[in-house]
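Q: Only the shape, not the letters, is given here:
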Ligand SMILES: [Zn+2]
């Protein structure tokens with residue numbers, strides 16, 4: 001059940017909603033909230049953005065709390081009561097920080113919020129001030145028209161996602177879990193954008209699962225010696241062999257529920273079998289989509305940093321490599337065993353950060369709501385679950401037993417790779433897509 005006043009569905013109400021989604025997004029883009037991940041170089045942009053959000057909520061009578069665990073690292077949380085007290089609350093979250101722009105060539109200023117030829121440019125245009133602006137506009141729409149959503153909605157505008165959520169979602173989950181009391185599901189990035197399906201039809205990817213992140217170091221030890229007297233026991237050589245083995249290794253494909261749901265639904269629509277033998281070939285037919293789905297097939301371990309020795313004529317006793325590892329749901333132990341086999345027994349493996357993958361149901365009722373909201377705006381659009389080969393704040397909410405989904409609805413021109421916009425120069429989004437996003441999100445949040 002939802003209750004709405006008569007004016008809520010008038011075209012002028014929707015025009016205001018769409019207009020606000022665009023303008024609030026532009027305002028947020030103009031607040032430089034770059035998160036470098038290094039405390040000394042982070043300003044107060046997140047708190048300024050959080051204050052902006054809070055003021056826009058206060059204007060329409062929505063109470064909120066601004067939480068600032070460290071100076072400049074502000075987040076805002078507000079709860080709208082739903083009509084069905086038996087329904088679990090839905091956390092709707094968007095991060096207010098963005099990644100740096102240094103070393104990139106931008107055609108239009110990254111913090112200008114400028115529109116050119118129907119495209120809105122700016123750091124955060126897709127990641128993810130667009131959704132922050134959209135859900136803020138929807139909350140204001142609900143307040144203005146006395147719309148009561150079905151379930152409690154917990155709006156969370158968060159700091160620090162781009163550096164792991166330490167001062168944002170992770171801090172709130174650890175220190176203020178009562179803010180999320182009663183929540184069963186969460187909705188945020190990364191998904192909801194359209195990709196080509198067939199004959200002008202579009203699929204809208206819904207992330208139901210996210211890969212985990214594990215950091216490891218490999219250390220080889222050997223006999224330190226002078227470079228003029230080579231030894232059989234050279235740590236640099238042993239480490240180099242292990243690193244090369246990791247780089248060349250391909251972990252096995254795992255048909256996780258999210259991957260299987262993608263292959264079943266997308267494959268049926270496209271007439272692709274995605275059998276074990278044809279999988280890689282069939283994926284290669286999907287254009288830019290293939291790299292996104294291709295990264296979700298298996299665990300990966302990528303060497304990124306090397307450290308050994310300091311002088312050309314001295315063989316060091318120790319050599320170390322850092323690995324960035326991305327783990328599928330349910331694969332933590334298999335990954336550890338697999339990596340041990342690849343590097344061999346004489347390499348010391350140390351584990352650092354370990355965030356396990358998240359996994360939500362691929363057949364949850366929420367997905368049916370997403371589908372009907374899409375169908376209303378794009379009658380042939382098909383919502384398709386997938387596994388996000390990256391990590392979002394959903395992993396922190398998972399610690400409270402909250403099932404996270406990634407769905408920021410965006411109908412985009414065919415061939416426009418939204419995922420490719422993340423962290424890139426000239427990050428941009430069509431204004432029309434933002435308006436579409438506002439219409440779909442309004443219905444999703446009302447009926448979820
Ligand atoms: Zn993001």
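A: Good, I have the coordinates. All values derive from a computational prediction rather than experimental measurement.
Q: where does the closest residue to residue 354 other than its chain neighbours land in three-state SS?
A: Excluding the flanking residues, the one nearest residue 354 by CB to CB, 6 or more residues apart in numbering is residue 214, at 4.8 Å. The way it works is simple: take the backbone N, C-alpha and C, and place the C-beta from them, glycine included. Assigned state for residue 214: strand (three-state reduction, DSSP: H, G, I helix; E, B strand; the rest coil).
Q: I'd guessed residue 214 sits against residue 350; true?
A: No. Using CB atoms under 8 Å, residue 214 makes no contact with residue 350, being 11.2 Å away.
Q: More neighbours: the two, which one.
A: Using other CB atoms under 10 Å as the criterion, residue 214 and residue 350 rank with residue 214 on top: 23 against 10.
Q: is that one in a bridge, and if so with what?
A: Residue 214 has these beta-bridge partners by DSSP bridges: residue 325, residue 354.
Q: what's the distance between it and residue 327?
A: Distance, residue 214 to residue 327, using CB to CB, to the nearest Å: 6 Å.
Q: Same check on residue 38?
A: Between residue 38 and residue 327 the computed distance is 26 Å (CB to CB).
Q: Equivalent analysis for residue 199, please.
A: Separation of residue 199 from residue 327 (CB to CB): 37 Å.
Q: how about stretch 67-84: buried residues?
A: Residues of stretch 67-84 classed as buried by neighbour count (16 or more other CB atoms under 10 Å): 67-69, 72-80, 82.
Q: Off-centre distance for that stretch?
A: Offset of stretch 67-84 from its chain centre (CA atoms, centre = their mean, to the nearest Å): 19 Å.
Q: avg pLDDT for that stretch?
A: For stretch 67-84, the mean pLDDT works out to 97.
Q: Wasn't residue 429 part of a strand?
A: Yes. With three-state DSSP as the criterion, residue 429 is assigned to a strand.
Q: Find residues that contact each of residue 214 and residue 327.
A: Each of residue 335 lies in contact with both residue 214 and residue 327 under the rule CB atoms under 8 Å, 6 or more residues apart in numbering.
Q: Residue 199 and residue 327 - which one has more neighbours?
A: The residue with more neighbours, out of residue 199 and residue 327, is residue 327; 22 against 7, by other CB under 10 Å.
Q: Touching, that one and residue 209? I think so.
A: No. When contacts are counted by CB under 8 Å, residue 327 is not listed as touching residue 209 (11.5 Å).
Q: where do the contact lists of these two overlap?
A: Shared contacts of residue 327 and residue 209 (CB under 8 Å, 6+ apart): residue 357.
Q: related to what we said a few turns ago, just list the residues touching the residue nearest to residue 354, thanks.
A: Taking CB under 8 Å, 6+ apart as the criterion, residue 214 is in contact with 325-327, 335, 351-355.
Q: distance of it from residue 302?
A: When distance is defined by CB to CB, residue 214 is 11 Å away from residue 302.
Q: Name the residues contacting each of the two.
A: What both residue 214 and residue 302 touch, as defined by CB under 8 Å, 6+ apart, is the set residue 325.
Q: For residue 380, give me its contacts.
A: By CB under 8 Å, 6+ apart, residue 380 lies in contact with 200-202.
Q: With residue 97 instead?
A: Contacts of residue 97 were listed using CB under 8 Å, 6+ apart, and they are 33-35, 45-46, 159-163, 168.
Q: and the two most separated of these?
A: The span of the contacts of residue 97, defined through CB to CB, is set by 34 and 168 at 14.5 Å.
Q: These two: which has the busier surroundings?
A: residue 168 (30 against 21).
Q: Isn't the more buried one up against residue 75?
A: Yes. Under the criterion of CB under 8 Å, residue 168 makes contact with residue 75 at 5.4 Å.
Q: Next, the residue in the chain that the ion sits nearest to: secondary structure please.
A: Nearest residue of the chain to the ion (CB to the ion) works out as residue 127 at 4.1 Å. Three-state call for residue 127 (three-state DSSP): coil.
Q: Could you list which residues are in contact with it?
A: With CB under 8 Å, 6+ apart, residue 127 has these contacts: 98-99, 189-190, 421-423, 427.
Q: Repeat the analysis, applying 6 Å as the threshold.
A: Contacts for residue 127 (CB atoms under 6 Å, 6 or more residues apart in numbering) come out as residue 422.
Q: how is this structure carved up into domains?
A: 2-190+392-447, 212-252+298-356 (the TED database).
Q: Tell me which of these is the most buried.
A: domain 2-190+392-447 (a mean of 20; mean count of other CB atoms under 10 Å).
Q: tell me the pLDDT at residue 5?
A: For residue 5, the predicted pLDDT is 55.
Q: Could you find the closest non-adjacent residue to residue 309?
A: residue 316 (4.1 Å).
Q: ok, now how distant is that neighbour from residue 234?
A: Distance of residue 316 to residue 234, given as CB to CB: 9 Å.
Q: Give me the longest helix you can find in the chain.
A: Counting by DSSP state H, the longest helix found in the chain is helix 11-29.
Q: what packs against that helix?
A: helix 129-144, helix 431-447 (3 or more CB pairs under 6 Å, 6 or more residues apart in numbering; DSSP states H and E).
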